[in-house]
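Visitor: dropping the sequence and predicted coords here.
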Amino acid sequence: MREAWTSVIANFKSFIGSGWLMWGVFILALIFCFFLGKDMRKKLFTVSALLCVLIMNPVVYRLIGDRFMSGVYWRLFWTVPIVVTVAAVLTELTGKLKREWLRVLTVGILCLAIAFAGKSVINRGTYTEAENDYQIPQEAVDVCDIILDASGGAATVIVPDDLTCYIRQYTCAVRLAYGRNIWGFINNPTDWQFLLHELMNAEEIDYVTLRTTAKEYDCGYIVFNTDQRKLPQDMESYGYTWVDSAGSYAVYALDED
């Protein structure tokens, strides 16, 4: 049970990130909710408190988190109406001010506080113009097209970590030997997936072992990021046949033993 509680706390910290101030304001808003009348208490306080108790319960984590939400249990905290509760309480408290000019001034101050304390999600640091209709890097699309053209259909591949999440957004015909599960998302990776990921990301790759192990698990292609790793000039001698390149990514077919 102690391990489950530790996991709950870790997931809570993953959800909060650097937003501890907002969580503190939410707790303060809940306290006000309790004293602002039966209606507010019933609609916001009861629901919020019940959700917090359920989600932060180690028993619930053991029943749901371990079995069905490995690595993503923190997403359950999204169901807690944090923003709604804070907004409702501030609106209710502002409405209790008797002078109209004071209400207007308070609303203006709150709007300025939100504008200056928050951060727009659409800015140069987080937003870039899409390269294609799929809104993923064009190199990921090109890598998939190269593999599909070479294989004539579906194929199982190993790709660098920086391509893992984009491949699955473009096509399911390019099957990944391992995906986000290698980091604990969606489901638990198998031993052979761990092995392939370890071989692929070794400081010094054993290209022969990587190829033979990949072929053992029906992988037909491997993609390397040539900006991150310098490949041997004689890749053919290790059983790799160069197919094509897309930007910094080189696509190799795996020869039969």
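Guide: Arrived safely. Numbering: from 1, shown residues only.

Visitor: looking at this, residue 250 is in a helix?
Guide: No - counting by DSSP: H, G, I helix; E, B strand; the rest coil, residue 250 falls outside a helix, being strand.

Visitor: just give me the neighbour total for it.
Guide: With neighbours defined by other CB atoms under 10 Å, the count for residue 250 comes to 21. For the C-beta atoms, the positions are set from N, CA and C on the backbone; glycine is no exception.

Visitor: give me the pLDDT value at it.
Guide: pLDDT, residue 250: 96.

Visitor: list the contacts of residue 231.
Guide: Residue 231 makes contacts with 224, 250, as judged by CB atoms under 8 Å, 6 or more residues apart in numbering.

Visitor: how far away is it from residue 168?
Guide: Distance of residue 231 to residue 168, computed by CB to CB, to the nearest Å: 25 Å.

Visitor: how near is residue 200 to residue 247?
Guide: Using CB to CB, we find residue 200 at a distance of 19 Å from residue 247.

Visitor: err, residue 239, not the other one
Guide: According to CB to CB, residue 239 stands 24 Å off from residue 247.

Visitor: neighbour count winner among the two?
Guide: Neighbours were counted for residue 239 and for residue 247 using other CB under 10 Å; residue 239 has more, 19 against 14.

Visitor: so the more buried one touches residue 211, yeah?
Guide: Yes - using CB atoms under 8 Å, residue 239 is in contact with residue 211, at 4.6 Å.

Visitor: need the strands for the chain, in chain order.
Guide: Using DSSP state E, the strands of the chain run over 155-158, 174-176, 221-225, 240-246, 249-254.

Visitor: okay, residue 84: pLDDT?
Guide: Per-residue confidence at residue 84 stands at 91 (pLDDT).

Visitor: residue 234 now?
Guide: 92.

Visitor: that one: how many residues sit nearby?
Guide: By other CB under 10 Å, 9 other residues sit near residue 234.

Visitor: list phi and psi for it.
Guide: phi -110, psi 50 (degrees, to the nearest 10).

Visitor: re the thing from before, list residues touching both of residue 239 and residue 211?
Guide: With CB under 8 Å, 6+ apart applied, the overlap between the contact sets of residue 239 and residue 211 consists of 254, 255.

Visitor: please pull out the lowest mean pLDDT helix or strand from the protein.
Guide: Every helix and strand of the chain was ranked by mean pLDDT, DSSP states H and E. The lowest is helix 66-68, at a mean of 74.

Visitor: tell me the contacts of residue 240?
Guide: For residue 240, the contacting residues are 207, 211, 222, 252, 253, 254, 255, by CB under 8 Å, 6+ apart.

Visitor: in this protein, what spans have low per-residue confidence?
Guide: For the chain, applying pLDDT under 70 flags the ranges 117-121, 123-124, 126, 186, 257.

Visitor: as PDB, could you dump the C-alpha coordinates of the longest helix anywhere in it?
Guide: Ordering each helix of the chain by length in residues (DSSP state H) puts helix 100-117 first. Taking Å, rounded to 0.1, in the frame of the first residue of the first chain, the C-alpha atoms of helix 100-117 are listed here in PDB:
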ATOM      1  CA  GLU A 100     -20.900  48.800  -8.700                       C
ATOM      2  CA  TRP A 101     -17.600  50.700  -9.300                       C
ATOM      3  CA  LEU A 102     -15.900  48.400  -6.800                       C
ATOM      4  CA  ARG A 103     -17.200  45.300  -8.600                       C
ATOM      5  CA  VAL A 104     -15.900  46.700 -11.900                       C
ATOM      6  CA  LEU A 105     -12.600  47.600 -10.400                       C
ATOM      7  CA  THR A 106     -12.300  44.100  -8.900                       C
ATOM      8  CA  VAL A 107     -13.100  42.400 -12.200                       C
ATOM      9  CA  GLY A 108     -10.500  44.600 -13.900                       C
ATOM     10  CA  ILE A 109      -7.800  43.700 -11.400                       C
ATOM     11  CA  LEU A 110      -8.600  40.000 -11.700                       C
ATOM     12  CA  CYS A 111      -8.500  40.200 -15.500                       C
ATOM     13  CA  LEU A 112      -5.100  41.900 -15.300                       C
ATOM     14  CA  ALA A 113      -3.900  39.300 -12.800                       C
ATOM     15  CA  ILE A 114      -4.900  36.500 -15.200                       C
ATOM     16  CA  ALA A 115      -3.300  38.200 -18.200                       C
ATOM     17  CA  PHE A 116       0.000  38.900 -16.500                       C
ATOM     18  CA  ALA A 117       0.300  35.800 -14.300                       C
END
